[in-house]
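[1] here's my sequence, what's the structure:
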Amino acid sequence: MDPKPAAALRLLLLLLLLLGSRLAAGALPFGSGPPRVFPDLSEQRWLQVEDLSLSLLRGGGLGPLWLPSDLPELDPECRELLLDFANSSAELTGCLVRSARPVRLCQTCYPLFQQVVSKMDNISRAVGNTSESQSCARSLLMADRMQVVLILSEFFNTTWQEANCANCLTNNSDELSNSTVHFLSLFNSTLTCFEHNLQVSLLPPKNYSEVCKNCQAAYKTLSDLYSEMQKANEREHKAEPGTHLCIDVEDAMNITRKLWSRTFNCSVPRSDTVPVIAVSVFILFLPVVFYLSSFLHSEQKKRKLILPKRLKSSTSFANIQENSN
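    Now for the predicted structure:
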């Protein structure tokens, strides 16, 4: 038998005997002083035994000798992959939280999301199809019930999909699309126009007429571009009705519309208002025209039918008078 485990076992048995003797003699609680049943054991020796027992319980000193020999350990390469994923996940989480309000998730965090996806690919795929790499993937992804690495990866993917960030990026997701860059530029210009004219409008008497008048063109351009992006998105996703633009664009447009309609109480006159009103009035008067024409047509028919009867009756009456004479 190995001398180190044997010594540890003897010390542990000694400790158990001391504890049993103290409890049997009604000694003071553990740690309050040396037991009276062992008068030859000094207080210093007793404290040394207590320190040894604590070190054994905490895993220090001779503790590693009691660990099972088959305890799973991560290879240095596997641990490096895990640390890379942990650092990338922390950076992406911080970016998502900082960009939550106002929403800037897609335009700010897309490089970090691509980095997390790359780190997850490094973990999930078996590099070189070696047994070590396969063991690393199993240890990090499937070794326990929680599967923390997989949970984090699925959370990031779900967040990215629900935000529709792919609609703001190019096909390979390396950068923002041209339409998104153009929209964000117009959005910033519109907000700058609001801010500049708002300083004038806040002077007494307070009104927002300057904002409505001077920023109407910028707001209409932004709104028209948003409508075009919506139509283009619907054309690209014919098989997926109800798809949205990325959350950054939608949130920016919602903010602009709330400021324009609720805060400033502005409105944009449409060029097709007059034709719409004319067509509406025409449709409303169609029943009146129909019933009026029907009434006139029926009266004309009555006159044509009655007139010959009167003529015939008057002619027969004249003939009767001549015969009587």
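[2] where are the low-confidence patches of this structure?
    Low-confidence segments of the chain, defined by pLDDT under 70, span residues 1-73, 126-134, 200-206, 237-242, 268-282, 285-286, 288-291, 295-325.
[3] which stretches in it count as helices?
    Here the chain has its helices, by DSSP state H, at 3-25, 43-58, 76-98, 105-124, 131-141, 148-162, 178-201, 209-214, 216-236, 247-258, 273-324.
[4] what's the fourth one packed up against?
    Other elements packing on helix 105-124 under the criterion 3 or more Cβ pairs under 8 Å, 6 or more residues apart in numbering; DSSP states H and E are helix 76-98, helix 131-141, helix 148-162, helix 247-258. In short, each C-beta sits where N, CA and C put it, glycine included.
[5] list the buried ones in stretch 92-99?
    92-93, 95-96, 99 (16 or more other Cβ atoms under 10 Å).
[6] C-alpha coordinates for that stretch, CSV please?
    Extracted C-alpha coordinates of stretch 92-99, given in CSV (Å, rounded to 0.1, in the frame of the first residue of the first chain):
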residue,chain,number,x,y,z
LEU,A,92,-21.5,39.8,-27.8
THR,A,93,-23.7,39.9,-24.7
GLY,A,94,-22.4,43.3,-23.6
CYS,A,95,-23.0,44.6,-27.1
LEU,A,96,-26.6,43.3,-27.3
VAL,A,97,-27.4,44.9,-23.9
ARG,A,98,-25.8,48.2,-24.7
SER,A,99,-27.6,48.4,-28.1
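[7] against residue 96, how distant is residue 148?
    With distances taken as Cβ to Cβ, to the nearest Å, residue 148 is found 18 Å from residue 96.
[8] you'd agree residue 75 is up against residue 136?
    Yes. Between residue 75 and residue 136 there is a contact under Cβ atoms under 8 Å: 6.2 Å.
[9] between the two, who's got more neighbours?
    residue 136 (23 against 13; other Cβ atoms under 10 Å).
[10] name the nearest residue to that one, sequence neighbours excluded.
    Here the nearest residue to residue 136 in space, its sequence neighbours aside, is residue 78; by Cβ to Cβ, 6 or more residues apart in numbering that works out to 3.5 Å.
[11] ok, that neighbour - contacts?
    The neighbourhood of residue 78, defined by Cβ atoms under 8 Å, 6 or more residues apart in numbering, consists of 132, 135-136, 139-140.
[12] show residues contacting stretch 161-175.
    In contact with stretch 161-175 (Cβ under 8 Å, 6+ apart) are residues 105-107, 110, 113-114, 160, 176-177, 180, 233, 243-249.
[13] looking at the helices and strands packed on helix 105-124, which is buried most?
    helix 247-258 (a mean of 18; mean count of other Cβ atoms under 10 Å).
[14] quick one: that one to helix 105-124, angle?
    With axes from the mean of the first three to the mean of the last three Cα atoms, to 10 degrees applied, the angle from helix 247-258 to helix 105-124 works out at 160 degrees.
[15] residue 248 against residue 103, yeah?
    Yes. Using Cβ under 8 Å, residue 248 makes contact with residue 103 at a distance of 5.6 Å.
[16] thought residue 91 was touching residue 113?
    No. Using Cβ under 8 Å, residue 91 is not in contact with residue 113, being 10.1 Å away.
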